[in-house]
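Engineer: Prediction below, plus the sequence it came from.
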Amino acid sequence: VSRAEANRNHRLRSAIKGPCARGSAPAARAIIQSRRESGLADWVIGDVHGCWVTLQRLLERIRWDRDRDRLWLIGDLVNRGPRSLEVLRWAAGHPGVDAILGNHDLHVLARNAALVDAKAGDRLDEVLAADDHERLLDWLRRRPFLHRIGDTVLVHAGLLPQWGWVEASALAGSAGLHLEALLPRLARRPRPRWSAEATGDERLAAAISIFTRLRVVRADGRPKLSFTAAPESAPAGCRPWYETARLVAEGARAIFGHWAMMGFRREPGAVCIDSGCVYGGRLTAFRLDDDAAVHEPVAADEVAQVED
């Protein structure tokens, strides 16, 4: 691990840990217990990153019922944490569990296709060597980039502010249908860049980068995909993607992950549920029925050593 990577990881862990890192869990448990009689619930869980033990503890905390509840994972099921294979086998084996594709999920697909090399901090060898890895990765490959439940839109990272639901869902659907053919383009550097003039595969590949990597946009609405810090540290003229989003103006609410330095946060029209679990924070579950949030501290042996 390089000194720069270690320093970035230290800053992230310092930002994630705070007075609320373990707060609200007992109250949340009481809420879940008092409302269980209401029947089926729709849950969304933040970036798991191979933190299998933490995920199981969170499911116990929310009293998840595999026969009645529906569960969505917001993306980045794998990598950085030590137990990605267990997470994939569990998710692929439960009809009531689904997932949004994240950037680390795309990375394992690209590694399996020999399109990219391992990165510092990758913990995917067990997945790629498993006897059932092709079945598991085929399941992962067929997950969507967007999903809508009523007025709530699930996305791993974000949408361009100018995209309404119709345009965003059309792009996401086409990108998903052609993902296997788009992986080589996504693996190239520099990454595909979005522009109004982009067409064909270049347009779809650029849209995938936005769905899976966006945090802030520039004053003119162009994405700034290199930014990874807290929203308050955004460069001059940049703002979180959702602040002027057409999707929100249309009456929808976005739930997203990917932004560990933001942490769990409710904003007008948007909720971030990436609580930096694999970097020493918590794993968050968010119930759509009543907006209850439940947090589980990461298991000590599931904390990553580097941050990308």
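Structural biologist: Thanks, I have the structure now.
Engineer: Can you pull out the low-pLDDT segments for the stretch 1-150 of the chain?
Structural biologist: 1-39 (pLDDT under 70).
Engineer: now the strands for it?
Structural biologist: Ranges of strands in the stretch 1-150 of the chain, per DSSP state E, counting those that start in this stretch, are 42-45, 70-73, 97-99, 146-149.
Engineer: residues of the shortest one that come out buried?
Structural biologist: Along strand 97-99, these residues count as buried under the neighbour rule (16 or more other CB atoms under 10 Å): Val97, Ala99. Every residue, glycine included, has its C-beta placed from N, CA and C.
Engineer: and what of stretch 282-297?
Structural biologist: 282-288, 292-297.
Engineer: hang on, the earlier thing: just send the strands of the stretch 1-150 of the chain back as JSON lines, with distance to Val155 too.
Structural biologist: Compiled in JSON lines, the strands of the stretch 1-150 of the chain are given as follows (distance: least, CB to CB, whole Å):
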{"stretch": "strand 42-45", "distance to Val155": "11"}
{"stretch": "strand 70-73", "distance to Val155": "11"}
{"stretch": "strand 97-99", "distance to Val155": "12"}
{"stretch": "strand 146-149", "distance to Val155": "5"}
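Engineer: which one of the ones you listed lies closest to Pro223?
Structural biologist: Evaluated with CB to CB, those place strand 146-149 nearest to Pro223, the distance being 16.3 Å.
Engineer: Just checking: what are the partner strands of the closest one?
Structural biologist: strand 152-155 (antiparallel) (DSSP bridges).
Engineer: The strand it pairs with: how far from the chain's middle?
Structural biologist: Distance of strand 152-155 from its chain centroid, counting by CA atoms, centre = their mean, to the nearest Å, is 11 Å.
Engineer: same question, stretch 51-65
Structural biologist: 17 Å.
Engineer: can you pull the buried residues of that stretch?
Structural biologist: By 16+ other CB under 10 Å, the buried positions in stretch 51-65 come out as Cys51, Trp52, Val53, Thr54, Leu55, Gln56, Leu58, Leu59, Arg61, Ile62, Trp64.
Engineer: Over to stretch 143-151?
Structural biologist: Quick answer for stretch 143-151 (16+ other CB under 10 Å): Arg143, Pro144, Phe145, Leu146, His147.
Engineer: can you check stretch 211-219 too?
Structural biologist: In stretch 211-219, counting by 16+ other CB under 10 Å, buried: Phe211, Thr212, Arg213, Leu214, Arg215, Val216, Val217.
Engineer: so which of those residues would you say is closest to Ala41?
Structural biologist: Phe211 (25.8 Å).
Engineer: Contacts only, for that closest one.
Structural biologist: Neighbouring residues of Phe211 by CB atoms under 8 Å, 6 or more residues apart in numbering: Leu101, Phe145, Leu146, Val155, His156, Ala157, Gly158, Leu159, Ala172, Ala175.
Engineer: Tell me the pLDDT of it.
Structural biologist: Looking at Phe211, its pLDDT is 98.
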